[in-house]
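Participant: Quick one, what's the 3D model for this:
(one chain, ligands or ions: 2)
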Amino acid sequence: MTIAHDLADAILITGAGRRVGLHLARRLLAAGHPVIAHFHTETDETRALERDGALCLQADLTKESDVRTLAARISAAAPSLRAIIHNASAFEITSPDLEAALAQMDRMFAIHVRAPFILNSELAPRLLATTRPHADIIHITDIYADNPNPVFDVYCASKAALQNLSLSFAKKLAPKVKVNVIQPGPILFKEWHGEAIRAKVLAETLLGTEGGVEAIALAAEAILANHYQTAAIIAVDGGRRVG
Ligand SMILES: NC(=O)C1=CN([C@@H]2O[C@H](COP(=O)(O)OP(=O)(O)OC[C@H]3O[C@@H](n4cnc5c(N)ncnc54)[C@H](OP(=O)(O)O)[C@@H]3O)[C@@H](O)[C@H]2O)C=CC1
Ligand SMILES: Nc1nc2c(c(=O)[nH]1)N=C([C@H](O)[C@@H](O)CO)CN2
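Facilitator: Ligands and ions are numbered 1, 2, ... in the order given. As a prediction, this is how the structure comes out:
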């Protein structure tokens, strides 16, 4: 069954299939926003988002053709966009093998830099078409963008590139479109994080706990609500960056 969507002033979230992105999609849907949820791997949760009224679109952001098709499908479906939240990400320890590390570099720069660049560029007319006073772009980077963990050096460099790109988009799209950065800290560990590393990370975190996905949703909603915030870089890290 094809569901008709009224996608005027929709909010696009990338990586909405699980964890932070899924929580953002659910929160914004519940708040009454039309939501376009990009996902990589279909899950029961993406199927539930669809039943709840979101337009769910699959794309592998490492593939330029997928990103261009995603942009075209969104442009065709939504007459205007209220916001784009770039959340999709690949988080990998850099391989000691140079050839493998270079393949990771291609993948992570494609997801964290090229895809946001293409989507922001192709969808800028939809952001500018919003009837609201402002549209928003939110890039989710990492506190590691400012102070890298060398174990994840390729990932960190790609997030730093995204952070710098955010400032250029803030300059290019002002005053109609605000562009801001959220830098998460230890929000939600991966299953493969062992107890020792979790304890070490939290010992370096002033507040001593994982932030949880709601911490990012609160930061994103605050940015959307603030008419006077652009080119800002907001850490949501429990104080880890100074710990
Ligand atoms: N969790 C944390 O503690 C921290 C998170 N952050 C940042 O916050 C954001 C959200 O974090 P979190 O929810 O943990 O992120 P995840 O590691 O869970 O990944 C987010 C999403 O990105 C998607 N993704 C991965 N590869 C691709 C691809 N090739 N094409 C399209 N989508 C892809 C994943 O889809 P699938 O699983 O289907 O591949 C997933 O749904 C990320 O940008 C992350 O870098 C920063 C610091 C700490
Ligand atoms: N895409 C992701 N990026 C990051 C994640 C994650 O789970 N997915 N997690 C971290 C770490 O937990 C870090 O914050 C604590 O070591 C960083 N980036």
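
Participant: anything in stretch 100-115 near ligand 1?
Facilitator: Yes. Legend: contact between stretch 100-115 and ligand 1 by C-beta under 6 Å from any ligand atom is shown at residue 111. Backbone N, C-alpha and C define where each C-beta goes, glycine included.

Participant: Going by neighbour count, which residues of that stretch are buried?
Facilitator: Across stretch 100-115, burial judged by 16 or more other C-beta atoms under 10 Å covers 104, 105, 107, 108, 109, 110, 111, 112, 113, 114, 115.

Participant: Give me the mean pLDDT for that stretch.
Facilitator: Per-residue pLDDT over stretch 100-115 has a mean of 98.

Participant: and if you look at stretch 135-146?
Facilitator: For stretch 135-146, the mean confidence score works out to 98.

Participant: Check which residues of that stretch are buried.
Facilitator: 135, 136, 137, 138, 139, 140, 141, 142, 143, 144, 145.

Participant: can you pull the contacts of the third one?
Facilitator: When you say that, I think you mean residue 137. Neighbouring residues of residue 137 by C-beta atoms under 8 Å, 6 or more residues apart in numbering: 83-86, 120, 127, 166, 169, 173, 177-180.

Participant: can you tell me which of the residues you listed are in strands?
Facilitator: Here DSSP state E is the test, and those give 83, 84, 85, 86, 177, 178, 179, 180 as lying in strands.

Participant: Closest one of the residues you listed to ligand 2?
Facilitator: For these, the closest approach to ligand 2 (C-beta to the nearest ligand atom) belongs to residue 86, at 11.6 Å.

Participant: Look up the residues forming beta bridges with the closest one.
Facilitator: Note on residue 86: beta-bridge partners by DSSP bridges are residue 139.

Participant: shouldn't it be in contact with residue 139?
Facilitator: Yes. Shown here, residue 86 and residue 139 form a contact pair, counting by C-beta atoms under 8 Å, at 4.9 Å.

Participant: so what's in contact with those two at the same time?
Facilitator: Counting by C-beta under 8 Å, 6+ apart, the contacts common to residue 86 and residue 139 are 116, 162.

Participant: Identify, from the buried residues of stretch 100-115, the entry nearest to residue 196.
Facilitator: Closest approach between the buried residues of stretch 100-115 and residue 196, by C-beta to C-beta: residue 104, at 24.2 Å.

Participant: what residues are up against the closest one?
Facilitator: Residue 104 makes contact with 92, 94, 95, 154, 155 under the criterion C-beta under 8 Å, 6+ apart.

Participant: so it is in which element?
Facilitator: Under the assignment given by DSSP states H and E, the secondary-structure element containing residue 104 is helix 98-109.

Participant: What separation is there between the residue nearest to residue 95 when sequence neighbours are not counted and ligand 2?
Facilitator: Nearest-residue entry for residue 95: residue 101, 4.7 Å, with adjacent residues in sequence omitted and distances by C-beta to C-beta, 6 or more residues apart in numbering. With distances defined as C-beta to the nearest ligand atom, to the nearest Å, the gap from residue 101 to ligand 2 amounts to 17 Å.
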